[in-house]
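Visitor: missing the sequence, but the structure's below:
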């Protein structure tokens with residue numbers, strides 16, 4: 001690395017600052033198109049001074065057409081360190097919307113109706129950059145014009161070379177490259193631009209593959225353009241997502257990729273490696289070995305703001321089947337991981353268990369996600385990470401997750417823990433995403449709940465969106481969801497959402513919480529908890545369900561009749577006492593009726609044991625509990641001044657005497 005830096009510095013010193021500046025300068029050709037040149041430098045008179053550094057004889061002669069193929073792959077320009085970008089892309093702009101009027105102009109001129117009205121391609125370029133008031137806007141106009149083309153939908157068979165359609169014909173039939181066209185358009189517009197040759201991790205690249213500068217199957221070209229005195233990278237080829245031949249081609253997604261416009265040097269080097277190390281624009285250039293070692297990172301990795309925290313190399317060796325990868329994850333995103341074999345892409349174990357049941361993703365810190373994987377078999381695997389924002393502008397994000405990065409895993413022995421996780425709607429565990437539905441965890445902020453005794457498990461959330469309703473389900477090792485539903489109790493306590501679990505068997509369980517959004521037919525998964533039960537009670541009685549069509553807690557009729565709880569807001573009461581006193585605040589007009597059932601659903605009616613006392617604006621119920629077990633205490637009411645109106649349900653309590 002030091003030798004490479006020293007070589008580059010000697011090269012710059014030999015050139016001299018004056019000559020380097022001359023080589024870096026591009027003279028705008030505003031006269032006739034026949035005078036337009038593709039030369040990388042005007043430095044023929046300085047050939048002797050350049051010596052062995054630059055092959056001047058290889059620099060192309062004056063071109064006669066926009067579609068003349070590039071004649072040389074040798075760059076005659078070496079960027080000065082003073083020209084390295086001092087501002088990152090996000091410091092130049094954070095929202096592409098600032099280019100709204102510029103993009104609209106470029107897209108309009110990219111339409112066939114505009115293309116056929118221009119007498120020559122030179123005239124089109126002049127019209128294209130006419131509205132650009134800065135170098136940045138001119139570069140943007142050219143980039144968006146190129147990336148807005150869809151040659152598949154054009155009739156280019158009879159197009160004449162020096163016309164807009166003729167140039168696109170040359171592009172479509174690969175007579176010229178995207179980078180060559182971008183460079184020529186920039187230079188014609190008076191911008192300094194070079195075409196960079198090198199290799200790239202093209203479409204289909206997998207971690208672990210070796211890219212070499214001599215292997216033409218990895219060859220690629222892109223551009224550097226000077227804006228306000230500093231070089232910035234542009235890749236129009238990869239910026240296009242709907243032109244065949246583009247590595248980002250997707251027939252169902254017709255849009256450009258913002259990632260490849262003014263990509264930062266330390267970002268583009270993850271996928272683009274230039275022949276000339278000086279065009280990395282890095283103070284500490286990397287080697288081809290470091291380039292191959294790096295984790296392949298997708299555009300959305302940078303767009304979303306992810307960072308690698310643990311494993312910086314693409315190939316990971318694990319001796320015992322256990323892998324722990326950690327990523328810095330921005331707020332509001334959820335992460336997924338797919339494990340598949342390198343050979344054949346198998347996603348299930350030899351025992352028929354899906355690999356995702358061995359993946360546990362949880363939040364380690366506010367901005368750190370950890371992915372713990374237990375691989376049940378030795379072999380070579382891909383670990384592919386996907387991500388998406390769970391909510392966009394307050395609305396549930398219904399789009400699919402997109403790939404962000406990928407690892408090559410060499411596993412030499414099966415994990416000692418072969419027990420799969422409970423089936424879950426997603427890979428991530430813990431209250432990730434709960435805040436998007438107005439839930440803040442009170443009792444459990446991690447993804448794993450390790451039970452230290454045989455008592456109940458209470459999971460509580462602060463609830464801020466009272467209009468949303470929630471539901472849940474459970475999965476486990478040997479019990480069905482229907483069976484496990486009897487051992488979970490969900491209820492609302494003032495501004496809290498509470499789940500109580502009383503599980504009957506040792507094992508691992510998954511509690512999956514969902515919310516019901518207006519307009520959607522099915523509940524949407526929010527978050528999951530992994531429950532680990534090392535021991536349980538000798539006898540566990542399931543929770544009795546509330547009456548059909550009702551639920552434990554207060555009904556909406558309580559506020560209409562002016563009734564509220566004074567002593568027991570939680571409808572689930574656990575006690576060792578033989579009597580419970582529940583006090584309600586009431587209005588003067590309400591008439592109440594109460595009932596008590598023991599050991600539901602077999603329902604021994606103990607209503608005749610209830611006693612109550614009125615005290616001004618309140619009523620106290622005295623509930624006698626002679627035996628251990630469950631009791632269902634129900635309070636109904638009606639407006640006492642209205643005759644002929646039936647009682648309506650106000651409260652349902654579940655009381656457990658222990």
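Guide: Arrived safely. Please read these numbers as outputs of a predicted model, since none were measured by experiment.
Visitor: isn't residue 340 right up against residue 375?
Guide: No. Applying CB atoms under 8 Å as the test, residue 340 and residue 375 come out as separate, 11.3 Å apart. For every residue, glycine as well, the C-beta is placed using N, CA and C.
Visitor: neighbour count for these two, which is higher?
Guide: Taking neighbours as other CB atoms under 10 Å, residue 340 and residue 375 compare with residue 375 leading, 23 against 15.
Visitor: what touches both of residue 340 and residue 375?
Guide: 355, 381 (CB atoms under 8 Å, 6 or more residues apart in numbering).
Visitor: in stretch 628-638, which residues are buried?
Guide: 629, 630, 631, 632, 633, 634, 635, 636, 637, 638 (16 or more other CB atoms under 10 Å).
Visitor: how many other residues sit next to the closest residue to the fifth one other than its chain neighbours?
Guide: Read that as residue 633. Nearest in space to residue 633, with sequence neighbours left out and distances taken as CB to CB, 6 or more residues apart in numbering, is residue 653 at 4.1 Å. By other CB under 10 Å, 24 other residues sit near residue 653.
Visitor: how much space separates residue 653 from residue 575?
Guide: Here the distance between residue 653 and residue 575 works out to 11 Å (CB to CB, to the nearest Å).
Visitor: least trustworthy helix or strand in the protein by mean pLDDT?
Guide: Using mean pLDDT, DSSP states H and E, the weakest-scoring helix or strand in the chain turns out to be helix 47-50, at a mean of 34.
Visitor: not counting sequence-adjacent ones, nearest residue to residue 188?
Guide: Per CB to CB, 6+ apart, closest to residue 188 is residue 125, 5.3 Å.
Visitor: correct me, but residue 292 touches residue 206?
Guide: No. With contacts counted by CB under 8 Å, residue 292 stays clear of residue 206, the gap being 11.7 Å.
Visitor: out of these two, which sits in the busier spot?
Guide: Using other CB under 10 Å, the more surrounded residue of residue 292 and residue 206 is residue 292, with 18 against 12.
Visitor: SS state for that one?
Guide: Under the three-state scheme (DSSP: H, G, I helix; E, B strand; the rest coil), residue 292 adopts helix.
Visitor: for it, which residues are in contact?
Guide: Residue 292 sits in contact with 209, 210, 211, 314, where contact means CB under 8 Å, 6+ apart.
Visitor: if you set the cut-off to 10 Å instead, what comes out?
Guide: 201, 207, 208, 209, 210, 211, 212, 273, 313, 314, 315 (CB atoms under 10 Å, 6 or more residues apart in numbering).
Visitor: wait, the first one touches residue 217, no?
Guide: No. Checked against CB atoms under 10 Å, the pair residue 201 and residue 217 is beyond contact range at 11.6 Å.
Visitor: so these two - more neighbours on which side?
Guide: residue 201 (22 against 8).
Visitor: give me the nearest residue to the more buried one, chain neighbours excluded.
Guide: That would be residue 271: by CB to CB, 6+ apart, it lies 4.8 Å from residue 201.
Visitor: just confirm residue 91 is within a helix.
Guide: Yes. Under three-state DSSP, residue 91 falls within a helix.
Visitor: picking that back up, now do the same for the residue nearest to residue 188: helix, strand or coil?
Guide: Residue 125 ends up helix, using three-state DSSP.
Visitor: thought it was touching residue 164?
Guide: Yes. Residue 125 lies in contact with residue 164 (CB under 10 Å); the separation is 9.2 Å.
Visitor: anything in contact with each of those two?
Guide: 66, 109, 118, 145.
Visitor: just for this protein, where's the confidence low?
Guide: 1-65, 67-76, 151-158, 241-255, 394, 601 (pLDDT under 70).
Visitor: what do residue 653 and residue 575 both touch?
Guide: Shared contacts of residue 653 and residue 575, counting by CB under 10 Å, 6+ apart, come down to 623, 631.
Visitor: before we move on, back to that, got the buried residues of stretch 628-638 as CSV, with distance to residue 186 columns?
Guide: Shown next, in CSV, are the buried residues of stretch 628-638 (distance: CB to CB, whole Å):
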residue, distance to residue 186
629, 82
630, 78
631, 81
632, 78
633, 79
634, 78
635, 78
636, 79
637, 79
638, 81
